[in-house]
Structures are given as C-alpha cells and as structure tokens.
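Visitor: Sequence first, then the predicted structure:
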Amino acid sequence: MALLGVTSPVVVTSSTTEVTNAAIESDNPLLRSWSNQPFNLPPFKDIRAEHFVPAFEVAMAAHIGDLEAIASTPIDLSSPVCGDVFDSILGAYDRAGALLWKVEAVYDNYISSLNTPDMQEVQTKMSPILSRHNSKAYDIPNLFEKISFIYEMREDKLKRGEWNDEQARLAERVYIEFLRMGAKFDAATKGEYADIKAELASLETKFMQNVLKDEEEWELVLTKKDMEGCPADIIAAARQSAIERKKGPDDHVITLGRSMVEPFLSYSSRRDLRKTVFDAFSKRGELSSERDNLKIAVEMLRLRKRQAQLHKKKSFSEWKFEDTMAQTPENGMKLLNDVWVKAKDSANREREMMEDFLSEKGEKLDGGIQPWDWRYYAE
C-alpha cells in the first residue's frame, strides 16, 4: 500500500491555525497564553464560570481540526522523503488537542472543588457535550484506518529496530482505545453508543452534584462545649462555618466536607455526635428525597449493561476488566477477596487492641468499637 493518507510532518489546516491564533489573542483567560503567569499556572483570579463554555467551544473545534489534519493528509510510502510515519500519525495524534486539555485541566479542578450554582450549571451543560465531542474524536473519517495501519506495522518496526518498546506499546494502546470507543461499529451502533455515553455523562454529573449538595447543605450546629476534645483549629473552622451560615454567636457548625468530618471523628470526645456525623457522611447522595442517587445508579447500570452488549460482552464488568491487568471479573474478585481476608484480619486485630486499651482504662462501649469510634481511639 503506497498511499495511506498521512504525511510527515502533518499539515496543519488554515482553520486550525486560525482557531489557535484566536485563542492566543482571546480575552478569555482560559484560552490566552499563561507564559507570563508564575510557573505558567492558570490565572485563577481572572477565571469565572462563564469563561468555560466559550473556551470549550474554541478548544473542541481546534481538537477536531488537529485530528482531521492527521486523517486527511496523504503520504506516499514509496517516496524516499516520506519521513517518520510514527511521528506523522501517533506523534501528531498525541499532540492533538493541547488547547482542549489545557482548558479541561482547569475545568476538572473547578468542578471537583468549587460547587457553586454557576459551576454546577456549566457542568450540567458541558458533560453531555464533552462526551459527544469525545465520541466524535474517535469517528473522524479515515483516522481509524491510519491508526490501524500503524498498529499493524508495530511488530515489524520493533523487529527491525526502527521503533522502541514504548513506541510499539503506544501504537497498541491507541488502537485499543479506538476499538473500545466503537471504531468498528456500524453507523447506527455508533450513534447509539454516543447517546449512551452522553446520557451516562449527564447521570454521573448529577450523581456527583447530589453528593456535593448534601455536603454543602447538611449541618450539625453545636456549641463550643459540644466541641470538647477538638483542637483549636477544628473549633475555629467550625466557628467560621457558623459565621458563614449566619448562625448564633456561640454556634459552631460541622459540615460534611471531608476536611471537617475526618478531624471531628478523630478528636471529638462526644460519641453520640461522632455517630451523627459518621451516619450523615456515609449517606451523602441520599439525605434528601429531592436527590435520589439510588434511582440514578439503577439507570446507570442499565446503560452500562447496554454498553457492554454493544461490545458483545455479557456484562459491563467483563468489558471493563478486559483492558486491565486482571482481564476478567473473576480474577478481579479473586484479588479483592484475597485482600479482603487479610485486611479484615488486620482490622480485627486492631479492634481488639483498641478494646483492650479501653478495658485497661475501665471504659466500656455499648456495642463495642463502632465505625464512628475507630479514628477517635486509634488517634
């Protein structure tokens, strides 16, 4: 095969260049260069929720342009100046979407740590859009054919010493990624698969937002006396939460943020309060009838089952494990059970040590050591 549709170097289209130049010159802090920022970090003080959607629109267009350039530029392998085929295809593929990854890195940081209504709205809107963009990126005409071509040549290139192990492995991994995204599906199945992925993205977003909403809304209002045993910094943090929530002058508020829950469970001498906090923390996502994560989980399982069926797998776990070291659900369960037996034995020994410690102090807990006691007595 002399003509494969790739050259080295890859020709960057004028539309891609225009998108890149527009990004550099943009007033959007997510798009412009960060070279004048300390350590090239994002200008967080300038970034607002409304910057994300237009930034993603530009970055996604640039990414598709990068991939189309790889897919549409021909190469004549009979030419003595055909260049480095690996860099023409996989090198260019690896570099594609730099602007998108730049925007997405900030976005991922924000949605995991900034649960404001504005960011929730952005995430709800962008989750299915980003999912469909991802599906489209694996369905660029002629792109999979080039990925397949370079995958097929990897062993020969490795034997000839023209590629190293890392290059051969990259060729294999990218090819597998395309297969797992349905590159060999027919058009109708690709459409259904993209719909499933988009719906899952929306459900996963809603599931996470429900958990974060419970963390944000749930509160345990205490007095300073109720904070007995807690160090000064935890007391101060609880008081600050009370001030932010406009509570009384002696009120202290425990929320379900992990940075508040774990130290409270470690230091609070009030067992009843530790239990209250532990129970609420364990039930995030189901503390309000308005946020039904159980219903969302059932729908996610249904979609994952269909996703596996499209890949001709018996279950989602079979499809998921196929691309892991364990390879099968059975191997995965064996590993988990092996770890579970040893971990349970170790935990029981630790529990016995803590109960012996309590006996020496003349203390007896109703029901013995419970989950909300563990951190406190281990501390």
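Guide: Looks like it arrived, so ask away. Just so it is clear, the structure is predicted and the values come from calculations on it, not from any experiment. Numbering: from 1, shown residues only.
Visitor: List the contacts of Lys157.
Guide: By Cβ atoms under 8 Å, 6 or more residues apart in numbering, Lys157 lies in contact with Phe86, Trp163, Gln167, Ala168. Placement of C-beta: from N, CA and C, glycine included.
Visitor: Quick one: neighbours of the first one, just the number.
Guide: Residues near Phe86, counting by other Cβ atoms under 10 Å, number 20.
Visitor: Quick check: which element contains Ala92?
Guide: helix 92-95 (DSSP states H and E).
Visitor: Does anything pack onto the very next helix or strand once past that helix? Which helices or strands?
Guide: Once the chain leaves helix 92-95, the next helix or strand it forms, by DSSP H and E, is helix 98-113. Applying 3 or more Cβ pairs under 8 Å, 6 or more residues apart in numbering; DSSP states H and E, we find helix 98-113 packed against helix 14-24, helix 52-72, helix 117-137.
Visitor: buried set for helix 98-113?
Guide: Buried residues in helix 98-113, defined by neighbour count with 16 or more other Cβ atoms under 10 Å: Leu99, Leu100, Lys102, Val103, Glu104, Val106, Tyr107, Tyr110, Ile111.
Visitor: Make CSV from the contacts of Lys157 and add secondary structure to it.
Guide: Formatted as CSV, the contacts of Lys157 follow (DSSP: H, G, I helix; E, B strand; the rest coil):
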residue, secondary structure
Phe86, helix
Trp163, coil
Gln167, helix
Ala168, helix
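Visitor: of the residues you listed, buried ones?
Guide: Phe86, Trp163, Gln167, Ala168.
Visitor: mind putting those in CSV, distance to Trp319 included?
Guide: Formatted as CSV, the buried ones among the contacts of Lys157 follow (distance: Cβ to Cβ, whole Å):
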residue, distance to Trp319
Phe86, 29
Trp163, 29
Gln167, 27
Ala168, 25
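Visitor: out of the residues you listed, who's nearest Glu68?
Guide: Phe86 (19.8 Å; Cβ to Cβ).
Visitor: Identify the residues contacting the closest residue to that closest one other than its chain neighbours.
Guide: The shortest distance from Phe86 to any non-neighbouring residue, by Cβ to Cβ, 6 or more residues apart in numbering, is to Gln167 (5.8 Å). When contacts are counted by Cβ under 8 Å, 6+ apart, Gln167 is found next to Phe86, Leu90, Arg154, Lys157, Leu158.
Visitor: And the residues you listed, which two are furthest apart?
Guide: Comparing every pair within the contacts of Gln167 by Cβ to Cβ identifies Leu90 and Leu158 as the most remote, at 13.9 Å.
Visitor: neighbour-wise, which of those two wins?
Guide: Leu90 (22 against 16).
Visitor: And the pLDDT at the more buried one?
Guide: pLDDT for Leu90: 92.
Visitor: so it makes contact with Tyr151?
Guide: No - using Cβ atoms under 8 Å, Leu90 makes no contact with Tyr151, being 9.5 Å away.
Visitor: Neighbours of Tyr93, how many?
Guide: Neighbours of Tyr93 (other Cβ under 10 Å): 21.
Visitor: Let's test this: mean pLDDT of stretch 109-126, rounded?
Guide: The average pLDDT within stretch 109-126 is 90.
Visitor: List the contacts of it.
Guide: 47-50, 52-53, 56, 107, 202, 205-206, 209, 212-213, 215-216.
Visitor: Can you tell me how far the most centrally placed residue in the chain is from Leu100?
Guide: Centroid check for the chain by Cα atoms, centre = their mean gives Asp108 as the closest residue, at 7.5 Å. Look at Asp108 and Leu100: by Cβ to Cβ, to the nearest Å, they are 12 Å apart.
Visitor: still on that earlier bit, closest one of the contacts of Gln167 to Ser268?
Guide: Using Cβ to Cβ, Leu90 is the member of the contacts of Gln167 that lies nearest Ser268, at 54.6 Å.
Visitor: Report the secondary structure state of the closest one.
Guide: Under three-state DSSP, Leu90 falls in the helix class.
Visitor: I'd like the numbering to begin with 28 instead of 1 from here.
Guide: Got it, the first residue is 28 from now on, which makes the last one we talked about Leu117.
Visitor: any idea how far Ala86 is from it?
Guide: To Ala86, Leu117 is 21 Å away according to Cβ to Cβ.
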